[in-house]
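**Q** the following block contains a protein sequence and its predicted model.
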There are 2 protein chains.
Amino acid sequence: MPLSHAQFRELAWKCGLAATHQRQIIYEEIVAAPGHYSAERVYADVHKRIPSISLATVYNNLKLFVEHGLLREVSPHTSMLLVEGNLEPHHHLVCTRCKKVQDVEGDFINYKKLSRQAPRGFDLTQPLVEVFGICRRCSANS
Amino acid sequence: MPLSHAQFRELAWKCGLAATHQRQIIYEEIVAAPGHYSAERVYADVHKRIPSISLATVYNNLKLFVEHGLLREVSPHTSMLLVEGNLEPHHHLVCTRCKKVQDVEGDFINYKKLSRQAPRGFDLTQPLVEVFGICRRCSANS
DNA sequence: GAATTGTTTGATAATCATTCTCATCTATCA
DNA sequence: TGATAGATGAGAATGATTATCAAACAATTC
């Protein structure tokens, strides 16, 4: 999904972010294919196109993109930053053993009940759910 | 909930773990009151009773207890190890901003649908669910 | 209850993802 | 053009966790 610089500039503009070359390449690499991307992975990919890129720049911009809603953080709770470009509502299945994350459709949740059970004031306008279990491969090896 | 050494020995016995003094105190400190305990917190509490305890020992034993089902890991996905003694089925509400975790009753999930939607082979026999949102305090400050 | 054997402990070093620092660079506007 | 704010790159710093390893201990056997 190669964006024109103008297109990216407009996107960044809406968020009040400067449309730098590094930002555009970082964004492109993530949006190019669906999936969950670690900072290291993004760094490796972007490094092929901008050899002088710094890992800190990747981290800075991933966090900025997430803050501004251009990317989604796969799990706001995880030990490793993972981002995804898929902004459609969906949830995640996480393997307790190997920590791998897979997407799952979300209509197994009764939102009415959930918000009734949540403490007053807890904002669930865009609830994101992570379901833990054991993936096929890990349950085979045990 | 002070356990006799004999009681703790029996508990450890079932898991094939030696009933050391350190282990008993660590376990007692967590089971004494409901709540989510970080390794540092447990270390601080246990340190009052066993000043020579090492942080590594706390980590080792928390992980062993979790492996053997004596404690539950609050989030298998988090950057900080948190454990709880509450083994009753329940789920967690996590604030995306401040990362604080609260308990929530679990019957907002349609397990039938969930397992239909999960990929074949994904083991959901004891699903643990984390729901992300924004806690009252954080949504007030924004 | 002493000897033996394997496990556990404590101190500390190592690891690893992430964040910080700061000098340099870049873009944009006055 | 020069000034100003923001972005970048290199590497050091951080902080939670893990690894290492000698010394201490628990459990089993005699």
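**A** Cool, the structure landed. Given the structure is predicted, the values throughout are model-derived calculations rather than measurements.
**Q** ok, residue A:68 - contacts?
**A** A:15, A:16, A:17 (Cβ atoms under 8 Å, 6 or more residues apart in numbering or on different chains). Every residue, glycine included, has its C-beta placed from N, CA and C.
**Q** show me which of these neighbour DNA strand D.
**A** Among these, the residues within reach of DNA strand D (Cβ under 7 Å from any atom of the strand) are residue A:17.
**Q** now render the contacts of residue A:68 as CSV, adding pLDDT.
**A** Compiled in CSV, these are given as follows (pLDDT from 0 to 100):
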residue, pLDDT
A:15, 84
A:16, 87
A:17, 89
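**Q** of the contacts of residue A:68 - the most surrounded one?
**A** The most neighbours of any of the contacts of residue A:68, using other Cβ atoms under 10 Å in any protein chain shown, belong to residue A:17, which has 17 neighbours.
**Q** wait, isn't that one in contact with residue A:23?
**A** Yes. With contacts defined as Cβ atoms under 8 Å, residue A:17 counts as touching residue A:23 at a distance of 6.9 Å.
**Q** contacts for the longest helix that chain A contains?
**A** For chain A, the helix with the greatest residue count under DSSP state H is helix A:55-67. By Cβ under 8 Å, 6+ apart, the residues outside helix A:55-67 that reach it are A:17, A:22-23, A:26-27, A:39-40, A:42-43, A:46, A:71-73, A:81, A:83.
**Q** swap the cut-off to 7 Å and go again
**A** A:17, A:22-23, A:26-27, A:39, A:42-43, A:46, A:71-73, A:81, A:83 (Cβ atoms under 7 Å, 6 or more residues apart in numbering or on different chains).
**Q** can you tell me how far residue A:124 is from residue B:5?
**A** Counting by Cβ to Cβ, to the nearest Å, the gap from residue A:124 to residue B:5 is 46 Å.
**Q** oh sorry, the question was meant for residue A:118
**A** Using Cβ to Cβ, which is the criterion applied here, residue A:118 is 42 Å from residue B:5.
**Q** same question for residue A:56.
**A** 52 Å.
**Q** now residue A:120
**A** With distances defined as Cβ to Cβ, the gap from residue A:120 to residue B:5 amounts to 44 Å.
**Q** residue A:87 too?
**A** Applying Cβ to Cβ to residue A:87 and residue B:5 gives a distance of 56 Å.
**Q** contact residues of chain A facing DNA strand D?
**A** Neighbours of DNA strand D within chain A, by Cβ under 7 Å from any atom of the strand: A:17-18, A:20-23, A:50, A:52-57, A:60-61.
**Q** picking that back up, and residue A:124 and residue B:5? which has more neighbours close in?
**A** The neighbour count for residue A:124 versus residue B:5, taken as other Cβ under 10 Å, is higher for residue A:124 (15 against 10).
**Q** pretty sure that one sits against residue A:115.
**A** Yes. Under the criterion of Cβ atoms under 7 Å, residue A:124 lies in contact with residue A:115, with a separation of 5.4 Å.
**Q** which helix or strand lies directly C-terminal to the biggest strand by length in chain A?
**A** For chain A, the strand reaching the highest residue count under DSSP state E is reported as strand A:123-134. In the C-terminal direction, the helix or strand that comes right after strand A:123-134 (DSSP states H and E) is helix A:136-140.
**Q** who touches the residue positioned nearest the centre of chain A in this structure?
**A** For chain A, the residue whose C-alpha lies nearest the mean C-alpha position (Cα atoms, centre = their mean) is residue A:83; its distance is 2.3 Å. Contact criterion Cβ under 7 Å, 6+ apart gives A:30, A:37, A:62, A:66, A:71, A:72, A:73, A:74 as the residues in contact with residue A:83.
**Q** same question for residue A:43.
**A** Applying Cβ under 7 Å, 6+ apart to residue A:43 gives the contacts A:55, A:58.
**Q** apply 8 Å and report the result again.
**A** Residues near residue A:43 by Cβ under 8 Å, 6+ apart: A:53, A:55, A:58.
**Q** related to what we said a few turns ago, who wins for most neighbours among the contacts of helix A:55-67?
**A** Of all those, the most densely surrounded is residue A:26 (28 neighbours; neighbours counted as other Cβ under 10 Å).
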